[in-house]
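>>> would you be able to build a 3D model of this:
(one chain, ligands or ions: 1)
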Amino acid sequence: MSRKLGGRGLKSVENEFKNTKIRAAVKLYCNADPTMAAVRAFEELAVQNGHHSIIKDGKKYAEELDLQLKLNFPNPVAVADGKEVKAKKVKQAIYKARQQEIQSTNAPTHTIAGVQELYQQLLPTKVYYNRKTKSQVTDEKCRLCGDSLENVQHILSGCSAVAQTKYLQRHNNAFKVLFFEVLRSLDLITKVEPWFSQVTPKPLYENEHATAFCDVPLFADTTQVKANRIDAKVIDKTSKQVKVIEMSCPWLENRESEDSEKTTKYSQLRLELTNRYPEVQGQSV
Ligand SMILES: [Zn+2]
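Residues are numbered from 1 along each chain as shown. Now for the predicted structure:
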């Protein structure tokens, strides 16, 4: 995104490559040079024979931006929002479409900067101050909980003071992205909400092929089942599968232990589900 719009003025190599392909395809169809006529004929033949061609690439990449290329010599046009864009204005149309793409899918700059800070462990924690900038901080204990070392790992995944608030919120937001995709794949919803949307999943979704429950307690018949609040339970009636989805956001090095912890935690529940739905296959995700 350009600096003028609050970005960093960086260009994506992939997007530039695609833009060039689109523009080259358009240019090919407005150039009256006889040599270019030969190139056009060659490229059209390539399309017919199913080979790689600049025409096909150009059209494909334009479609990603909701632009339809109509390549007719000598006046190729691109159609955007039902309006024809002449060859000379195609560059602008691509630029406009890219801006919209960035604004609708990307995070704000300060969020990206914040994430980078976390990745590179440059967050101004006490440990960072003490060991990297060598400023004399008397202790390195966490300012929120006072228990552990205040470093990025602790702030992101080990602090008891924010476990029930920030971590829970993060868990719900991350889970939502996955859950909406699952719902979409089962035709329980028609549109996947973008990750930043404030919409939260409903407790129940149902159609004739599937049922999905979100964050509902599963009342067990036996009392041994303690961990019976699950992030989601999806019953696929066609393939006869019950899927239990549990999301966790662990620190990378804790991933394996978290995995086995969840598996143990839900083993009783799995058994319970198997008993309850004997005809179906159980699978936990
Ligand atoms: Zn803490």
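>>> only C-alpha atoms for contact and neighbour calcs from this point on.
Will do.
>>> so for stretch 158-165, mean pLDDT?
Per-region confidence: stretch 158-165 scores 89 on mean pLDDT.
>>> equivalent analysis for stretch 231-246, please.
86.
>>> buried set for that stretch?
231-236, 241-246 (16 or more other Cα atoms under 10 Å).
>>> which of those residues fall in strands?
Among the buried residues of stretch 231-246, the residues falling in strands (DSSP state E) are 231-236, 241-245.
>>> before we move on, the earlier item: would you turn the buried residues of stretch 231-246 into TSV with distance to A37?
Output for those, formatted as TSV (distance: Cα to Cα, whole Å):
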residue	distance to A37
D231	60
A232	59
K233	60
V234	57
I235	58
D236	56
Q241	58
V242	60
K243	58
V244	60
I245	58
E246	59
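>>> can you give me the strands for the stretch 101-250 of the chain?
Along the stretch 101-250 of the chain, the stretches classed as strands by DSSP state E, counting those that start in this stretch are 204-206, 210-217, 229-236, 241-245.
>>> out of those, nearest to F17?
strand 241-245 (39.0 Å; Cα to Cα).
>>> the closest one: partners in the sheet, and parallel or antiparallel?
The pairing partners recorded for strand 241-245 under DSSP bridges are strand 229-236 (antiparallel), strand 281-284 (parallel).
>>> and of the buried residues of stretch 231-246, the nearest to the ion?
Closest approach between the buried residues of stretch 231-246 and the ion, by Cα to the ion: E246, at 24.6 Å.
>>> quick check: phi and psi on the residue in the stretch 1-150 of the chain positioned nearest to the ion?
The ion sits closest to C145 of the stretch 1-150 of the chain, with a gap of 4.0 Å, by Cα to the ion. Main-chain dihedrals, C145, degrees, to the nearest 10: phi -110, psi -20.
>>> identify the residues contacting it.
When the contact criterion is Cα atoms under 8 Å, 6 or more residues apart in numbering, the partners of C145 are 159-161.
>>> read off the pLDDT value for F73.
87.
>>> begin at 57 from here
Okay, residue one is now 57; in that scheme the one you just asked about reads as F129.
>>> and for it, the neighbour number?
Each residue near F129 was counted by other Cα atoms under 10 Å, and the total is 16.
>>> backbone dihedrals for the closest residue to it other than its chain neighbours, please?
Excluding the flanking residues, the one nearest F129 by Cα to Cα, 6 or more residues apart in numbering is Y85, at 4.9 Å. When read as degrees, to the nearest 10, the backbone of Y85 gives phi -100, psi 0.
>>> please list all residues in contact with Y85.
By Cα under 8 Å, 6+ apart, the contact set of Y85 is 96, 127-132.
>>> which two among the residues you listed are spaced furthest apart?
Most distant of those, by Cα to Cα, are R96 and N131, 13.7 Å apart.
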